[in-house]
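**Q** Okay, here's the prediction I keep looking at, along with the sequence it came from:
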Amino acid sequence: MRKVFATFVFLLLAAMAGLSGCKNKKTTVSNSTYDRPLVFARPSDSIDFDLARAEEGESITIGINFIERLIDFKDGSAELIPSLATSWEISKDGKTYTFHLRSKVVFHDGTPLNADAVVFNVERQWKKDHPAYSFSAPYSYWENMGMDQVLESVRKVDDLTVEFKLKYPFSPFLSAIATPFLSVESPTAILKYGKTIDQHPVGTGPYTLKTWKKDDFMELEAFPDYWGTKPKIKRVIVRVIPDNQVRLLELKKGSVHIMVYPNLSDLADIKNDPNIQVLSQPGLDIGYLAFNLKKPPLDKLEVRQAISMAIDRKRIVDELFQGYASVAKNMLPPTVMGYNSDVPQIKYDVEKAKTLLDKAGIRDLSLELWAMPVARPYNPNAKKMAEFIQADLKRVGINSKIVSYDWGTYLDKIGKGEGQVVIIGWNGDNNDPDNFLFTVWSKESALRTPTNNYAFYMNEDVNNWLKQGRTETKLELRADLYKKVQMQMYKDLPGLPINHSVVVVPIRKEVEGFALMPTGDRRFANVSFRSSP
């Protein structure tokens, strides 16, 4: 595979060199800049392009270039805008949503987008007797969003109209429709590929997946029959380069045009490079420790408090994030509706931590500290963070062993409850508090396998407030419910909030049109190279 990729890169760089050598020729987006491939570098590969099932960020953030939703987010924001649906109406009682589909849209396999296709994609996650249900089950997002409890029916009104009936008013419904798990894939392709549909994304998006060499690179190609504004670049090469420093060297050389997750300590040097610009934006995220309450002695509040007070989060943020993050006190970002600024900040206090351990009768405590193997928007280096935490815990007499696996295995194991103290996080799929709090911290989530509730936290009051937040239509009352949730979570401490990040993406200065998305999506359709003078 490496030999194949080496040949590929050689040919790619040769083509790029040929283009860059034409300095005296005027180039335009319609020819040479369009034909010049864009190279995007990231630390790990995608796993699953069946977005109905996919939970892993590297799959979703690239997959949105292939597969679209009825509603999308405006570039650079979490504002909802029409996509495959041009418009929609909501009934007065808040229980019926009618979507009007865009006409003359086709999937990459040439089949038409219509109401039947939308109904197919919903029912394959919902109805166990559906012919495609078993291909990708379980559908974790569908379950964690509680869609079974919400949805009464979905039906075709006519070829370009779909009606959703809900059992009760559901405030986050439009945000849910804009979330990747409700993307619309080709029913023909789903039935054709069956269980391997995750490797063969067939949507309506601006790009198709032409080539995919696992853990190496993938090639995206512009879809000529795309319904919207045509991509400005014909081919996008997405490379996997695990080492942050190597990715940066490739960016400096020009063999990579956009990279994610740089070493934050390198940013000062990067900003001094005349050929590179650094894009930045506050992240819609939370990085945290989850305490598995099923694993004693983490079921004792004093132990969780002691661990939390033993960790110097400010030092972690200052040294690991180099100022590109803030210390968190809630499991909700400050920019999201319902954020509770009145929740106290947990203080770093080594002596108090020791006292709490004594109170709990804990001696010679040893823990497993689970660390992600990959950089994520909320954590550029989980293993380094684990080393900081390990040293902090040692100061209060807690020994810890750092545990890690490849990314897919890591998610699978913590989702099944094998983790103990788990370094993890959440990057919002939308800007609704339900996406952060119900999806991750509800009792319903804790009772599912695999779960996103890695702490297995099941507070009945919290769960009731979260369920009320889904049905409450008045914004102020919804916000009050989420504020109560955050205060109770502070008291129960199922996890320790660590940081909210600032997302930074270095790109070559000849590249324009790359928008940072709060959701972390990597969108390529509007990206282009500046034309030569």
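**A** Looks like it came in fine.
**Q** For the rest of this, base every contact and every neighbour count on C-alpha atoms.
**A** Noted.
**Q** By average pLDDT, which secondary structure element in the protein comes out worst?
**A** The least trusted helix or strand in the chain, going by mean pLDDT, DSSP states H and E, turns out to be helix 2-20, with a mean of 39.
**Q** what element comes up after that one heading to the C-terminus?
**A** Sequence-wise, the next helix or strand downstream of helix 2-20 (DSSP states H and E) is helix 32-35.
**Q** Output the very next helix or strand once past that next one as PDB, restricted to C-alpha atoms.
**A** Using DSSP H and E, the helix or strand that follows helix 32-35 towards the C-terminus is strand 38-42. Extracted in PDB, the C-alpha atoms of strand 38-42 (Å, rounded to 0.1, in the frame of the first residue of the first chain):
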ATOM      1  CA  LEU A  38      -6.400  20.100  -3.200                       C
ATOM      2  CA  VAL A  39      -4.500  18.100  -0.500                       C
ATOM      3  CA  PHE A  40      -6.000  18.000   3.000                       C
ATOM      4  CA  ALA A  41      -4.100  16.200   5.800                       C
ATOM      5  CA  ARG A  42      -5.400  14.700   9.000                       C
END
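**Q** Show residues contacting strand 38-42.
**A** Identification of contacts with strand 38-42 by C-alpha atoms under 8 Å, 6 or more residues apart in numbering yields 233, 235-242, 247, 255-261.
**Q** Would you confirm that Val260 contacts Pro506?
**A** Yes. Between Val260 and Pro506 there is a contact under C-alpha atoms under 8 Å: 7.0 Å.
**Q** ok now do the most centrally placed residue in the chain, which residues does it touch?
**A** Nearest residue to the geometric centre of the chain (C-alpha atoms, centre = their mean): Gly57, 4.1 Å. By C-alpha under 8 Å, 6+ apart, the contact list for Gly57 reads Ser46.
**Q** Quick check: phi and psi on it?
**A** For Gly57, the backbone dihedrals are phi -60, psi -40 (criterion: degrees, to the nearest 10).
**Q** Could you do Glu221 as well?
**A** As for Glu221, its main-chain torsions (degrees, to the nearest 10) stand at phi -130, psi 140.
**Q** do you know how far it is from Lys509?
**A** According to C-alpha to C-alpha, to the nearest Å, Glu221 stands 23 Å off from Lys509.
**Q** do Thr196 as well
**A** For Thr196 relative to Lys509 (C-alpha to C-alpha), the value is 39 Å.
**Q** in the stretch 301-450 of the chain, which spans are strands?
**A** 325-327, 366-370, 399-403, 421-427 (DSSP state E, counting those that start in this stretch).
**Q** Minimum distance to Lys359: which of the ones you listed has it?
**A** With C-alpha to C-alpha as the measure, strand 366-370 is the member of the strands of the stretch 301-450 of the chain nearest Lys359 (17.1 Å).
**Q** what are the pairing partners of the closest one, and which direction each?
**A** strand 399-403 (parallel), strand 421-427 (parallel) (DSSP bridges).
**Q** Give me the buried positions along that strand.
**A** Neighbour counts over strand 366-370 (16 or more other C-alpha atoms under 10 Å) mark Leu367, Glu368, Leu369, Trp370 as buried.
**Q** gap between it and the chain center?
**A** 26 Å (C-alpha atoms, centre = their mean, to the nearest Å).
**Q** Find the residue closest to Val122 in space, skipping its chain neighbours.
**A** In space, and not counting its chain neighbours, Val122 is closest to Leu182: 7.0 Å by C-alpha to C-alpha, 6 or more residues apart in numbering.
**Q** right, so the strands paired with strand 366-370: which one is the most enclosed?
**A** Across the strands paired with strand 366-370, averaging neighbours per residue (mean count of other C-alpha atoms under 10 Å) puts strand 421-427 on top, at a mean of 23.
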